[in-house]
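Q: predicted model follows, preceded by the sequence.
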Amino acid sequence: MDKINRSIEGVSPVIATILMVAITVVLAATLYAMVDNMAADEGQTPLLGSLNRHDGRTISLSLTTPSRAQLDDVTLLVMAEYKGSNEVIDLRFEDWEDGTAQDGDYTASWFLLSGEDEISSGSRLRLFRNDDHVNFIEFSDFEMILRIDGYSGTISREF
């Protein structure tokens, strides 16, 4: 009987080294991507608070996070329909001067508690047409959305 001579060999040392380096690079890249995503998510604090109707003309703000915010960082969006006409408004207020911003025929004005250039919990907001001071009650499908730069999410309310 003839014996078959087989030599048992594995992967060559060069190929093994290349495979180990490739696996290490892939694992390092995956770990970097995971840590980078977690750091990006932690960078923005969630915006927490509420908007409530104070009276027919005034909306009050309750802020949880942040406790105060610079007006330069605040964007207020308003979407509504003016009762008695087919006028639909889609407004953006973001250039605040002395607590007031305008978009077309409308003005949004903050009554600030903590200073001239920052909103805080308890600050009140009024929205009105420049030619007549209308009540919020005169709008239907009225929604306000508040955004603050540096914070994730929005504070919104339908009235």
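A: Received, thanks.
Q: quick one: Arg57 and Arg129, what's the gap?
A: Taking C-beta to C-beta, to the nearest Å as the measure, Arg57 falls 12 Å from Arg129. C-beta coordinates here come from the backbone N, C-alpha and C atoms, glycine included.
Q: who's more crowded, the two?
A: A direct count of neighbours by other C-beta atoms under 10 Å for Arg57 and Arg129 places Arg57 higher, at 17 against 14.
Q: contacts only, for the more buried one.
A: Listed by C-beta atoms under 8 Å, 6 or more residues apart in numbering, the contact set of Arg57 reads Arg126, Phe128, His133, Asn135, Phe136.
Q: from those residues, which is closest to Asp117?
A: Arg126 (17.8 Å; C-beta to C-beta).
Q: backbone torsions only: list them for the closest one.
A: Arg126 has phi and psi values of phi -120, psi 140 when expressed as degrees, to the nearest 10.
Q: how far away is it from Met79?
A: In terms of C-beta to C-beta, Arg126 sits 17 Å off from Met79.
Q: tell me the contacts of Glu116?
A: Contacts of Glu116 (C-beta under 8 Å, 6+ apart): Asp98, Gly99.
Q: so it, which of the three states?
A: coil (DSSP: H, G, I helix; E, B strand; the rest coil).
Q: now the strands for this protein?
A: 45-46, 48-53, 58-65, 68-70, 74-82, 88-93, 100-103, 106-111, 118-120, 124-129, 139-148, 151-152, 155-158 (DSSP state E).
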